[in-house]
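Colleague: My questions are about this predicted structure, shown below with the sequence.
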Amino acid sequence: MKDIHARHQKLREELRSKLSDDRTWKDAIADFLTVQFGTVWFFSLNALFFAVWIVLNKGLIPGIEPFDPYPFNFLTMVVSLEAIFLSVIVLISQNKQSRIAEIREKIDFEINVRAEEEATKILVIVEQVARHHGIALARDPELKDLEERTDISKIKERVEEDT
């Protein structure tokens, strides 16, 4: 059991390493920004920045002349630009997650096909053992169907028909 766990851990680390190796400097920056911007700290900093901006530009502090009086056109532009950049960073992050999901989907598919082949082989072996020992098996059409290899191309055709 430890051997299987060790192999799984090694496979996980190899996949992480492959994903890290494929990462460009742009991906690294986007990952860093996504991590930083998705925090309460960033939200709090933004809230504080906007509050200070509004207080300064409402003329509430004597001796400080407003540089962006109401309706705060410059602040609106700054917020819009921030929203654009944050949206693009989120989209970059989602694209990366999509690539990772595709890799996981391929791995899952390969494992599922292999598991199906193994289960089919096990059914055939169990039936052969039962016959060898003279154990009568009930005539089960479903069992006969399960003993046959799954035709992946037929599954693909059905999936394509449904989509």
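Modeller: It's in. Residues are numbered from 1 along each chain as shown.
Colleague: how about the CA coordinates for the worst-scoring helix or strand of the chain on mean pLDDT, as CSV?
Modeller: Here the helix or strand of the chain ranked lowest by mean pLDDT, DSSP states H and E is helix 2-21, holding a mean of 71. Only the C-alpha atoms of helix 2-21 are listed here, as CSV (Å, rounded to 0.1, in the frame of the first residue of the first chain):
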residue,chain,number,x,y,z
LYS,A,2,2.9,2.3,0.8
ASP,A,3,4.3,1.6,-2.7
ILE,A,4,1.1,2.7,-4.4
HIS,A,5,0.9,5.8,-2.3
ALA,A,6,4.5,6.6,-3.1
ARG,A,7,3.8,6.1,-6.8
HIS,A,8,0.8,8.4,-6.7
GLN,A,9,2.7,11.0,-4.8
LYS,A,10,5.5,10.8,-7.4
LEU,A,11,3.0,11.1,-10.3
ARG,A,12,1.4,14.2,-8.6
GLU,A,13,4.8,15.8,-8.2
GLU,A,14,5.8,15.1,-11.8
LEU,A,15,2.6,16.7,-13.0
ARG,A,16,3.1,19.7,-10.8
SER,A,17,6.6,20.0,-12.1
LYS,A,18,5.5,19.7,-15.7
LEU,A,19,2.9,22.5,-15.1
SER,A,20,5.6,24.6,-13.5
ASP,A,21,8.0,24.0,-16.3
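Colleague: Show me which helix runs longest in the protein.
Modeller: Identified as the longest helix of the chain according to DSSP state H is helix 73-132.
Colleague: Now the element after that one, going C-ward?
Modeller: helix 141-147 (DSSP states H and E).
Colleague: could you give the angle of the least confident helix or strand of the chain to helix 73-132?
Modeller: Between helix 2-21 and helix 73-132, the angle comes out at 150 degrees (axes from the mean of the first three to the mean of the last three CA atoms, to 10 degrees).
Colleague: Check which helices and strands helix 2-21 sits against.
Modeller: With contacts defined as 3 or more CB pairs under 8 Å, 6 or more residues apart in numbering; DSSP states H and E, the packing partners of helix 2-21 are helix 73-132. Yep, even glycine has a C-beta here, placed from its N, CA and C like the rest.
Colleague: so how far does stretch 33-48 reach from one end to the other?
Modeller: One end of stretch 33-48 sits 19 Å from the other (CA to CA, to the nearest Å).
Colleague: which parts of that stretch are buried?
Modeller: 33, 34, 37 (16 or more other CB atoms under 10 Å).
Colleague: The first one: which element?
Modeller: Taking DSSP H and E as the definition, one finds residue 33 inside helix 25-37.
Colleague: by how many degrees do that helix and helix 73-132 diverge?
Modeller: Compare the direction of helix 25-37 with that of helix 73-132 by the same axes, to 10 degrees and you get 110 degrees.
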